[in-house]
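Trainee: Turn this into a structure:
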Amino acid sequence: QVQLVESGGGLVQAGGSLRLSCAASGSIFRINTMGWYRQAPGKQRELVAAMTTGGSTNYADSVKGRFTISRDNAKNTVYLQMNSLKPEDTAVYYCNVQGNSRIGARNDVDAWGQGTLVTVSS
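Mentor: Residues are numbered from 1 along each chain as shown. Below is the predicted model:
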């Protein structure tokens with residue numbers, strides 16, 4: 001089992017900043033991709049940003065230039081720095097970790113955090 005502990009959500013005014021953190025622990029041999037998804041009320045969960053162990057990143061078009069994902073591989077922790085926040089960024093943000101449970105496994109781990117609420121007021 002992989003446990004993900006998220007922190008950093010909250011209420012912020014439009015134009016403000018927040019930093020989310022997610023620390024992974026438990027039974028995982030190798031972490032491949034760490035990322036953030038979000039789900040707004042009445043909408044489907046969507047990718048916000050993801051980062052591979054090698055440093056490749058992928059961002060949703062709506063957050064490019066405003067959000068930055070980073071990782072501390074030694075701590076199995078991923079961060080999401082969110083700047084210039086907009087009311088439409090309001091959502092529950094979920095951490096996601098994909099990896100290998102053991103030697104020889106290939107991306108058989110797909111773990112989710114409990115979610116942290118980000119509310120941006122106008």
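Trainee: And the most centrally placed residue in the chain, how far from residue 90?
Mentor: When the chain is reduced to its mean C-alpha position, the closest residue under C-alpha atoms, centre = their mean turns out to be residue 36, at 2.3 Å. Residue 36 sits 15 Å away from residue 90, taking C-beta to C-beta, to the nearest Å as the criterion. (Glycine included, C-beta is placed from N, CA and C.)
Trainee: Return the distance of the residue located most distally from the centre of the chain relative to residue 92.
Mentor: Centroid-distance maximum for the chain: residue 104 at 26.1 Å, with C-alpha atoms, centre = their mean. Using C-beta to C-beta, one obtains 35 Å as the distance from residue 104 to residue 92.
Trainee: Surely the residue nearest to the centre of the chain touches residue 95?
Mentor: Yes - because the distance of 6.1 Å satisfies C-beta atoms under 8 Å, residue 36 is recorded as touching residue 95.
Trainee: Now for these two: what residues contact both?
Mentor: When contacts are counted by C-beta atoms under 8 Å, 6 or more residues apart in numbering, residue 36 and residue 95 are jointly contacted by 20, 22, 78.
Trainee: Which of these ranks first by neighbour count?
Mentor: The member of these surrounded by the most neighbours (other C-beta atoms under 10 Å) is residue 78, with 29 neighbours in all.
Trainee: now for the helix or strand harbouring it, which elements pack on it?
Mentor: Taking DSSP states H and E as the criterion, residue 78 maps to strand 77-82. For strand 77-82, the elements it packs on are strand 18-26, strand 30-39, strand 46-52, strand 67-72, strand 91-100, judged by 3 or more C-beta pairs under 8 Å, 6 or more residues apart in numbering; DSSP states H and E.
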